[in-house]
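*Asks:* A structural model of the following input is requested.
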Amino acid sequence: MASPHRSTQARRRVGRPSGPTEHGAASRERILDAAAAVFAQVGYDRARMADVVEASGMTKGSVYFHFESKEALAVAVLTEKHAQWLDRVQARLATAPPGLQRMEALLPAMLDLHRADPDAWVISRLAQNLAEVPATRNLATALTRRWIDRVADLVRDAQHLGEVSDEVDPQLLATVLVGAFDGLKTTIGTVSDDPHAADQQLEACGALLLAMMRSVALSR
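*Replies:* Coordinates of the predicted model:
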């Protein structure tokens with residue numbers, strides 16, 4: 001008769017791995033990329049786990065091994081893609097001098113990154129979708145606040161350098177900029193089916209936001 005200790009070891013061998021593996025991490029990333037593409041195409045509400053399974057090219061069991069529900073998958077996509085997005089924006093901004101020039105570099109950097117990575121818009125839409133789901137509302141709100149805080153820091157840096165008026169509320173300006181930018185793609189997408197025309201409209205709206213940012217600058 002097998003001892004309880006030996007039986008426990010056997011169960012561990014046939015169960016899930018005790019820690020992440022290189023193959024497992026690659027599979028998880030593949031699922032996240034597929035999910036981001038599906039959410040971008042049909043939206044969170046209409047997306048099905050079956051769509052993600054098909055887009056990933058993996059088995060249903062493999063997908064559910066990593067994510068037990070669409071909600072869990074959306075949370076992972078939002079959290080990890082949002083972190084990647086912030087890192088990319090920060091890397092672009094680091095090439096510009098601190099202060100007003102870095103503030104002015106923000107919108108062009110965001111526009112360029114969104115053009116290069118269509119999944120970037122998924123972050124904005126997912127955050128809006130998940131903010132309406134009670135179980136994920138706090139996460140969506142926290143990620144949006146994190147982004148607003150990053151932009152507010154740019155405004156404060158410019159104020160410390162004497163390039164932006166101290167009368168400007170950094171948090172309020174950042175909230176307006178982030179909210180306006182997040183709403184641009186959704187709004188423009190509803191009035192134009194032509195990608196080129198939509199891109200031109202997006203560029204024009206970005207120029208308006210940039211002009212608003214410059215309006216708070218002190219004379220140099």
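*Asks:* give the contact list for residue 175.
*Replies:* residue 148 (CB atoms under 8 Å, 6 or more residues apart in numbering). C-beta here means a position set from N, CA and C on the backbone, and glycine is covered the same way.
*Asks:* correction: the previous question concerned residue 108.
*Replies:* Counted by CB under 8 Å, 6+ apart, residue 108 has contacts 206, 210.
*Asks:* what about it, which helix or strand?
*Replies:* Assigned by DSSP states H and E, residue 108 belongs to helix 100-116.
*Asks:* contacts for whichever helix or strand comes after that helix?
*Replies:* Sequence-wise, the next helix or strand downstream of helix 100-116 (DSSP H and E) is helix 120-130. Defining contact as CB under 8 Å, 6+ apart, one finds that helix 120-130 is touched by 36, 39-40, 43-45, 74-75, 77-78, 81-82, 85, 113-114, 136-137, 139-140, 143-144, 182, 185-186.
*Asks:* need phi/psi at residue 164.
*Replies:* When read as degrees, to the nearest 10, the backbone of residue 164 gives phi -130, psi 140.
*Asks:* could you do residue 168 as well?
*Replies:* phi -80, psi 130.
*Asks:* residue 35 and residue 126, how far apart?
*Replies:* Residue 35 sits 10 Å away from residue 126, taking CB to CB, to the nearest Å as the criterion.
*Asks:* any shared contact partners between these two?
*Replies:* Joint contacts of residue 35 and residue 126 (CB under 8 Å, 6+ apart) are 74, 77.
*Asks:* still on that earlier bit, from the contacts of helix 120-130, list the buried ones, please.
*Replies:* Listed as buried from those are 36, 39-40, 44, 74-75, 77-78, 81-82, 85, 114, 136, 139-140, 143-144, 182, 185; burial here means 16 or more other CB atoms under 10 Å.
*Asks:* in helices, which of those fall?
*Replies:* With DSSP state H as the criterion, helices contain 36, 39-40, 74-75, 77-78, 81-82, 85, 114, 139-140, 143-144, 182, 185 from among those.
*Asks:* run a quick neighbour tally on residue 110.
*Replies:* When counting by other CB atoms under 10 Å, one arrives at 22 neighbours for residue 110.
*Asks:* doesn't residue 180 make contact with it?
*Replies:* No. Between residue 110 and residue 180 there is no contact under CB atoms under 8 Å: 11.2 Å.
*Asks:* no more questions from me, cheers.
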